[in-house]
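Visitor: How does the following fold in three dimensions:
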Amino acid sequence: MKKTITLFAAVFFLASITIAQTTKPTATVTYLPTKIGFVDYALIRDTLPLTDTFEIEIQSASYQYQMQLEELQKDIEISRKTLASISGSDTSETKSYINTNLNKQEKKYQDMYEQAQYVIGNMQQEALQQLDYIVSEAVKVVAKSKNYTAVFDISSREGGVMYMLPQDDLTLLVAKQLKLNLK
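Guide: Next up, the predicted model:
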């Protein structure tokens, strides 16, 4: 049994040497060293002047919706007080009218609230996308100029970087590319 295994191993070894000698390599593979960098996107994004512009636009839209919702809320409260103050037996038509109007006002309030959430949420998402695009373009320029093969966002702590070398933090170089003053 041992002789069979030894013989099989010897035949396999000789066959592999023969195949290796007769097989010609088709191409030469050159491996470049991998260089990985890191950038704090949030820090740069928050420092961009355009961030303030987006914040002002979003706050302005939020304020306008807030004023409209407060006005609707006042109308709803007036209708509720009016409905509560009606007494007597011959006022069922009046109560029905006010109740119908109150339901319409509450529906309008709910619709306006949902619209505000949708519009403000979209504004925030679009602003973030535009800011991330600006940062990404600067990261590409810096990464190419310094021969980095990959650059990660260290502002995201989800499944983030466990360890990095300080010399691979490209945040200041990206800020300089964007003409930002980080300290």
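Visitor: going forward, measure contacts between C-alpha atoms and count neighbours the same way
Guide: Will do.
Visitor: Who are the packing partners of the longest helix belonging to the chain?
Guide: In the chain, with assignment by DSSP state H, the single longest helix is helix 92-145. In terms of contacts (3 or more CA pairs under 8 Å, 6 or more residues apart in numbering; DSSP states H and E), helix 92-145 is packed against helix 41-47, helix 49-85, strand 150-153, helix 171-177.
Visitor: try 7 Å this time
Guide: helix 41-47, helix 49-85, helix 171-177 (3 or more CA pairs under 7 Å, 6 or more residues apart in numbering; DSSP states H and E).
Visitor: Tell me which of the ones you listed approaches Asn99 most closely.
Guide: Asn99 lies closest, by CA to CA, to one member of these: helix 49-85, at 7.1 Å.
Visitor: now, of the helices and strands packed on helix 92-145, which is deepest in the fold?
Guide: Most buried of the helices and strands packed on helix 92-145 by mean neighbour count (mean count of other CA atoms under 10 Å) is helix 171-177; its value is a mean of 19.
Visitor: Which secondary structure element of the protein has the lowest mean pLDDT?
Guide: Every helix and strand of the chain was ranked by mean pLDDT, DSSP states H and E. The lowest is helix 2-22, at a mean of 45.
Visitor: after that one, next one along is what?
Guide: Once helix 2-22 ends, the next helix or strand along the chain (criterion: DSSP states H and E) is strand 36-39.
Visitor: So what's the gap between that following strand and the chain middle?
Guide: The gap between where strand 36-39 is centred and where its chain is centred comes out at 18 Å by CA atoms, centre = their mean, to the nearest Å.
Visitor: so how far is the longest helix of the chain off the chain centroid?
Guide: 16 Å.
Visitor: same thing with stretch 150-168?
Guide: From the chain centre to the centre of stretch 150-168 is a distance of 16 Å (CA atoms, centre = their mean).
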